[in-house]
Every structure is written in C-alpha cells, then in structure tokens.
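Peer 1: give me a 3D structure for the following:
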Amino acid sequence: MDCNITLMQPTPSDYNGIVSLFLSSDPRHQRSVSYYNYSNYSGYGDATRIIAKNEKGLIIGHYSILPLDFKYQNKIYKVGYAQQAVIHKSYRNLKLITQLHDYAIRKAKKNLNLDIVFAFSNNNFAKIKIGLLGWQDLGKFSASVLDLDLMNFEVKYEVEFLGLNAFENDFDHVYDRFSIVKSRQYLNHKLLNHPISHFQTLIVKERGVIVGYISLKMYYDKNELIGHFIDFESKDEHVLKSLLAKSKEYFIFYGVKEVVFWNESNYKEVFNPYLTVEGFETNFLVYDYKNNIEILDKSVWSLSMILSDAF
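Peer 2: Below is the predicted model of the structure:
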C-alpha cells in the first residue's frame, strides 16, 4: 500500500468528508449525512464500510457492503450488496481500487459471514472486477419503461395509502426465486425512513394483514416528470393488478406518463405487455464466497429498485 494512503473503517467524524466525496463525484443526486446513515443500514445490520485517506487525512475513497437476507427454496442466504464505490478523481488508479476492494471484501466476510456479494457496475469497473478481482459476470441488467396509457387494469380490491403508518407484518411471499426477505423491519426502514426522497406506498389488506403493496416515487428528468415503482410484492397477480390500477390513477393525477422500474420479479408477465423501451443498463456481477452454484444465474434472482443507491 502507498505509505501516504491509509485504509480503515470510518467513524462518525468521517461522515461529512464521505458525503463531500460523494457530491463531488456524482452531483446529480442529493446526499447528506442522514442519507448516508440510512443507506448503510438495512434492517439486517450495518454495512461494512471502508475508506481511504491521503496524507492530509482527507477521504479519497469509499466502499460499502450492505447486509441482506435472501431466501431461495427454503434456504436463507447471507448476502452483501456492494455499493457506494467512489474514488476521488485525482487518485483513481488500479492499485488503490484493488486495495480498497480487497479490504472491503475481507472485512465484510469477517464481519457479516456472507455467502455471496452482488453489485451493479459500470463498464470500466466491471472489467476490473471480472478480470482481476474474482467477480463473476451474470450479464447485463436493464431497467424497464412502462407506458401508463397502455395499462388498463381495474381496481377490484380496496387499496389504501400506508401513509405514516408502519408495516405491521412481515411479507413472506413464495420464494421460488432468489429474493430479499421482506421483513417489516426492512420495509419500514427502506420505505418510511428515507431522509430525502418521498415514497408513496399503497397497500391491500385482508383481515388486517397486508397482502400486497407497491411503493411509488416521482422525479424530474430533463423537465419531464417520471415515475418509479420502487418496490412491490403481492400474494397474487390479482391483488397486484389492483395496486397497479390505483398507482396509475395516482401518477396520472400528477402528470406522470411513464414509469421506470426493475422488472426482475415474479410478476414479469404482468408488466411485459405495457413496456415500451429499456431504460438504463448496467452490469450485474457477483462475488461468490462459498461456491453457490444454484444462484449463479440471473434468471433465478428477483430484484427491485428498492436496492438502488441512485434513487
């Protein structure tokens, strides 16, 4: 390691410097210390975070691996989500990238006892991860774009706004794909505690238990108001269709015509007739600690935009 650069786990006194590094690297997204704390806790524990400091003690690099519980075929997996890989533009070189990555991977394995780590990486970082750092390429991962004018579902269930209430039950759907375990702690943290973005969550209840929900967000892109399906789960496609019909009413009222979301779910066939083009594309990579062959296929995974640090 360069004797002038130190790698360590951050303390709260470092958080302002980390946020400044984020803002200088990607000013498109608002960031704050409150957001940093929010994004590095999952309901399943705190992220393992590694920073790099230069000789003046200024933060020049950051890497985070967030713990999550996934389930597939009745087996629980300890999964890390690699996020917030940022290096100051004046210090970007292969040596520091490798040091920061290797330190984070080792610490996360020790701290979190992980089975596997996954990440979404740009083309340049993906080449380094695959070629030098031991990651496996699961292929391209694309967002989907839905045209609300094409979608014509009807509201056949009573749909409520969750508002400031909390999820009172875990959402234990059928884990026929490799999916995040949606505990009430996880959902309440991710959907109700975001310090910057507003998520509007719609729910359907049966006998006081939530059997389906969808969480919505709006944002401006080039003066156009765009919608997101941040996250959704349902006991079946009939409940989901009512939630989508109500979501359309909500979005249309505020002027949203298109919705961008991740269609890697159990309900792909529900959405497919209403998709227009593909949205942004990235590389889907995994770092496998324990030879988990059964989940090294992208088609097995079910993922939603609730995971995205960008939103």
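
Peer 1: okay, CA-based contacts and neighbour counts for the rest of this
Peer 2: Noted.

Peer 1: quick one: contacts for Tyr103?
Peer 2: Counting by Cα atoms under 8 Å, 6 or more residues apart in numbering, Tyr103 makes contact with 7, 50.

Peer 1: confirm that it sits in a helix.
Peer 2: Yes - the assignment for Tyr103 by DSSP: H, G, I helix; E, B strand; the rest coil puts it in a helix.

Peer 1: report the beta-bridge partners for the closest residue to Leu114 other than its chain neighbours.
Peer 2: Leaving out its chain neighbours, the residue that sits closest to Leu114 by Cα to Cα, 6 or more residues apart in numbering is Lys78, at 4.8 Å. As for beta bridges, Lys78 partners with Asp69 under DSSP bridges.

Peer 1: need the per-residue pLDDT for Lys78.
Peer 2: pLDDT for Lys78: 96.

Peer 1: cool, and Ile97?
Peer 2: Taking Ile97 on its own, its pLDDT is 94.

Peer 1: next, count neighbours for it.
Peer 2: Applying the criterion other Cα atoms under 10 Å, we find 21 residues in the vicinity of Ile97.

Peer 1: remind me which helix or strand it belongs to.
Peer 2: helix 94-112 (DSSP states H and E).

Peer 1: next helix or strand past that helix?
Peer 2: strand 116-121.

Peer 1: point out where the chain drops to low pLDDT.
Peer 2: For the chain, the stretches flagged by pLDDT under 70 are 1-3, 173-175, 309-311.

Peer 1: can you show me the helices along it?
Peer 2: With DSSP state H applied, the chain shows helices at 15-25, 33-39, 94-112, 123-132, 184-192, 237-254, 268-271, listed in chain order.

Peer 1: which elements pack onto the fifth one?
Peer 2: If you count contacts as 3 or more Cα pairs under 8 Å, 6 or more residues apart in numbering; DSSP states H and E, helix 184-192 packs onto no helix or strand.

Peer 1: got the CA positions of it in CSV?
Peer 2: Provided in CSV are the C-alpha atoms of helix 184-192 (Å, rounded to 0.1, in the frame of the first residue of the first chain):
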residue,chain,number,x,y,z
ARG,A,184,-41.4,-5.5,8.4
GLN,A,185,-38.1,-4.0,9.8
TYR,A,186,-36.6,-3.9,6.4
LEU,A,187,-39.7,-2.4,4.7
ASN,A,188,-40.3,0.2,7.4
HIS,A,189,-36.7,1.3,7.2
LYS,A,190,-36.4,1.4,3.4
LEU,A,191,-39.8,2.8,2.6
LEU,A,192,-40.6,5.1,5.5
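
Peer 1: contact partners of it?
Peer 2: With Cα under 8 Å, 6+ apart, helix 184-192 has contacts from 42-44, 164, 166-171, 199, 201, 215, 306.

Peer 1: other residues contacting stretch 274-289?
Peer 2: Against stretch 274-289 from outside (Cα under 8 Å, 6+ apart): 114-123, 126, 134-148, 150-151, 260, 296.

Peer 1: buried stuff in it?
Peer 2: 274-275, 282-288 (16 or more other Cα atoms under 10 Å).

Peer 1: how about stretch 75-84?
Peer 2: By 16+ other Cα under 10 Å, the buried positions in stretch 75-84 come out as 77-84.

Peer 1: next: stretch 167-184.
Peer 2: 167, 170-171, 175, 177-184.

Peer 1: how about a markdown table for the residues you listed, with distance to Ile60 added?
Peer 2: Formatted as a markdown table, the buried residues of stretch 167-184 follow (distance: Cα to Cα, whole Å):
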| residue | distance to Ile60 |
| --- | --- |
| Phe167 | 39 |
| Asp170 | 40 |
| Phe171 | 40 |
| Tyr175 | 40 |
| Arg177 | 38 |
| Phe178 | 35 |
| Ser179 | 34 |
| Ile180 | 32 |
| Val181 | 34 |
| Lys182 | 35 |
| Ser183 | 35 |
| Arg184 | 36 |
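
Peer 1: quick check: closest non-adjacent residue to Gly17.
Peer 2: Using Cα to Cα, 6+ apart and skipping the chain neighbours, the partner closest in space to Gly17 is Ile59 (6.1 Å).

Peer 1: which residues does the one you found bridge with?
Peer 2: Counting by DSSP bridges, the residues bridging with Ile59 are Lys53.

Peer 1: got the contact list for the residue nearest to Ile210 when sequence neighbours are not counted?
Peer 2: In space, and not counting its chain neighbours, Ile210 is closest to Val204: 5.7 Å by Cα to Cα, 6+ apart. Val204 makes contacts with 157-160, 210-213, 239, 243, as judged by Cα under 8 Å, 6+ apart.

Peer 1: quick check: the nearest residue to Met151 once chain neighbours are set aside vs His228, distance?
Peer 2: Leaving aside its chain neighbours, Met151 sits nearest to Tyr274 (6.0 Å; criterion: Cα to Cα, 6+ apart). The gap separating Tyr274 from His228 is 15 Å, by Cα to Cα, to the nearest Å.
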